[in-house]
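Asker: Here is my input; please provide its structure:
(one chain, ligands or ions: 1)
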Amino acid sequence: MRKAIIAGNWKMNKTVEEAVKMVEELKSLVKDATCDVVVCPTFVCLDAVKKAAAGSNIKVAAQNMHFEESGAFTGEVAPGMLEAMGIEYVVLGHSERREYFNETDEALNKKVKKAFEHNITPILCCGESLEQRENGTTNKVIEAQIKADIAGLTNDQAAKLVIAYEPIWAIGTGKTATDEQANETIKAIRAMVAEMYGAEVADKVRIQYGGSVKPNTIKAQMAMSDIDGALVGGASLVASDFSAIVNY
Ligand SMILES: O=C[C@H](O)COP(=O)(O)O
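Answerer: Residues are numbered from 1 along each chain as shown. This is a model prediction of the structure:
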């Protein structure tokens with residue numbers, strides 16, 4: 001039985017003060033959640049959020065990291081720096097990073113491996129554009145992403161993966177994939193993982209849905225057979241909305 005995981009991706013929002021205030025509010029609101037609860041603040045807020053979340057059930061994720069250990073990479077953050085801070089998860093390959101920051105599958109594969117080396121669990125994002133959904137290439141596009149991004153892991157590492165299926169056309173648009181569409185694609189992703197690492201591993205991998213998840217959509221989404229959680233953007237910025245999602 002997979003434990004659900006719901007993560008709030010704050011993207012480029014919240015000052016340190018606002019982020020800490022949000023965690024302080026969330027702590028009591030999500031304390032009885034039955035799923036894993038994760039917040040993903042910007043790098044500048046990570047340390048303060050981690051300290052604010054201490055002693056609670058809120059886990060902290062970075063929104064990105066570099067694959068190198070250290071060196072002349074101005075503006076980047078190394079995996080060891082996140083590990084030293086006790087960061088448990090890292091979001092990798094969000095469609096915004098693939099699109100605006102030219103993140104490639106080759107780099108993502110290095111990042112996924114490096115995250116595991118540093119005891120950080122990747123939340124690996126994948127998903128198709130509206131055009132790809134409409135021309136019927138959704139599974140082909142996602143298969144290319146998954147096969148490249150998670151290649152070369154051990155079975156133990158692969159089993160710990162969190163994958164977020166985010167149809168790009170549903171991000172921040174108010175359009176969610178139907179529960180059936182999301183579930184079907186997530187099933188297909190699980191089959192891709194099974195092809196690479198076997199059914200036993202694939203059965204352990206947690207696969208979230210992301211794209212305009214709201215308090216009024218989550219219950220039906222979580223009732224689907226293969227949806228193991230959510231990666232929430234906009235609705236994760238307000239404590240009452242995010243806690244309502246987490247306490248679905
Ligand atoms: O990482 C989160 C996703 O991009 C979803 O964002 P959204 O809930 O605002 O559509």
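
Asker: Contact residues of this protein facing the ligand?
Answerer: Residues of the chain lying close to the ligand (Cβ under 6 Å from any ligand atom) are 9, 94, 166, 171-172, 210-213, 231-235. Placement of C-beta: from N, CA and C, glycine included.

Asker: what residues does the helix or strand bottoming out on mean pLDDT in the chain touch?
Answerer: Here the helix or strand of the chain ranked lowest by mean pLDDT, DSSP states H and E is helix 130-134, holding a mean of 93. The contact list for helix 130-134, computed with Cβ atoms under 8 Å, 6 or more residues apart in numbering, reads 138, 141, 167-169.

Asker: Which one (most neighbours) among these?
Answerer: Neighbour counts for the contacts of helix 130-134, by other Cβ atoms under 10 Å, peak at P167, which reaches 27 neighbours.

Asker: hang on, that one packs against G127?
Answerer: Yes: assessed by Cβ atoms under 8 Å, P167 is found in contact with G127 at 5.0 Å.

Asker: Report the set of residues contacting both of those two.
Answerer: G211.

Asker: Can you name the residues that contact whatever residue of the chain ends up closest to the ligand?
Answerer: Shortest the chain-to-the ligand distance, computed as Cβ to the nearest ligand atom: residue-wise this is G233, at 2.2 Å. Taking Cβ under 8 Å, 6+ apart, we find G233 in contact with 9, 11, 171-172, 210.

Asker: Let me see the confidence value for the residue sitting furthest away from the middle of the chain.
Answerer: Residue farthest from the centre of the chain, counting by Cα atoms, centre = their mean, is A72 at 27.7 Å. For A72, the model assigns a pLDDT of 98.
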